[in-house]
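>>> okay, sequence plus prediction incoming.
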Amino acid sequence: NRMQSMGKVRYSKIANPLLVKEDIGKPKPSCFKLPEEGFTFGKPEIKDQEGAKEVTSSWAYHQQSKQVSSKKDFMNINKNCLTKGIVSAKDQAKERKEAVMKVTKDPKHKSHKKTEIPEDMIFGVMNRPSTPIEDVISNSYGAYAELEAQEKTAKAPPKTQNHLKEIRPTKSSTLFLEKAVEVK
């Protein structure tokens, strides 16, 4: 073993996983102290007294809490401040703390009525109609396209033969012909 041949062995070389060297062809030696054989790692699971059966059989529905208006009626508080002659910010703040005027009714802007949507209304984009597989397999579309092509060619006027224009010689073709004549 490599550790024995080094002479004096420091504890840090055995205990530090970054400093532990392994012999070639052998696994790196463990430097951690592990618990005894029957030890179970992890947190023990605490059993819940209620199982799924008990929870679903005694389902408690949510009860919406009643809203108590704790909003102060600042419009009336400000009017009272003006009638009392309180104009400075400090005095108005003190008056607001002492005032007990609450809003008697909710503001008009919050009382939106929900529009009722008809039950037969459909949302979204309609699905594309399915492809008629029977027509695809029986090649009826191919036959139809072939018929259309034949009708199109039958209706088209007959083509007049265009006489090809004489091909003009290029510089390279004339040089080629001159060299061919010289070689002979």
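All right, it came through fine. Quick caveat, the model's predicted, so the values are computed rather than measured.
>>> residues touching the residue most central in space within the chain, list them.
Relative to the mean C-alpha position of the chain, the nearest C-alpha, by Cα atoms, centre = their mean, is the one of residue 124, at 20.3 Å. In this structure, residue 124 makes contact with no residue, judged by Cβ atoms under 8 Å, 6 or more residues apart in numbering. Quick note: C-beta positions are derived from backbone N, CA and C, even for glycine.
>>> is it in a helix, a strand, or coil?
coil (DSSP: H, G, I helix; E, B strand; the rest coil).
>>> what's the answer for residue 97, then?
The assignment at residue 97 comes out as helix when based on three-state DSSP.
>>> distance check, it against residue 147.
As judged by Cβ to Cβ, to the nearest Å, residue 97 and residue 147 stand 91 Å apart.
>>> check residue 127 too.
Counting by Cβ to Cβ - residue 127 and residue 147 are separated by 31 Å.
>>> again with residue 27
Counting by Cβ to Cβ, the separation of residue 27 from residue 147 is 77 Å.
>>> looking at residue 127 and residue 147, which has the bigger crowd around it?
For residue 127 versus residue 147, neighbours defined as other Cβ atoms under 10 Å are more numerous around residue 147 (10 against 6).
>>> could you check the pLDDT of the residue nearest to the centre of the chain?
As summarised for this prediction, residue 124 has a pLDDT of 85.
>>> ramachandran coordinates for it?
Backbone torsions for residue 124, taken as degrees, to the nearest 10, come to phi 90, psi -170.
>>> how close does residue 142 sit to residue 52?
Residue 142 sits at a distance of 59 Å from residue 52 (criterion: Cβ to Cβ).
>>> the more surrounded of the two?
When residue 142 and residue 52 are compared on other Cβ under 10 Å, the one with more neighbours turns out to be residue 142, at 11 against 8.
>>> which strands and helices sit next to the host helix or strand of the more buried one?
Using DSSP states H and E, the secondary-structure element containing residue 142 is helix 140-155. For helix 140-155, the contact count by 3 or more Cβ pairs under 8 Å, 6 or more residues apart in numbering; DSSP states H and E identifies no helix or strand as a packing neighbour.
>>> go through it and flag the buried ones.
Applying a neighbour-count criterion of 16 or more other Cβ atoms under 10 Å, helix 140-155 contains no buried positions.
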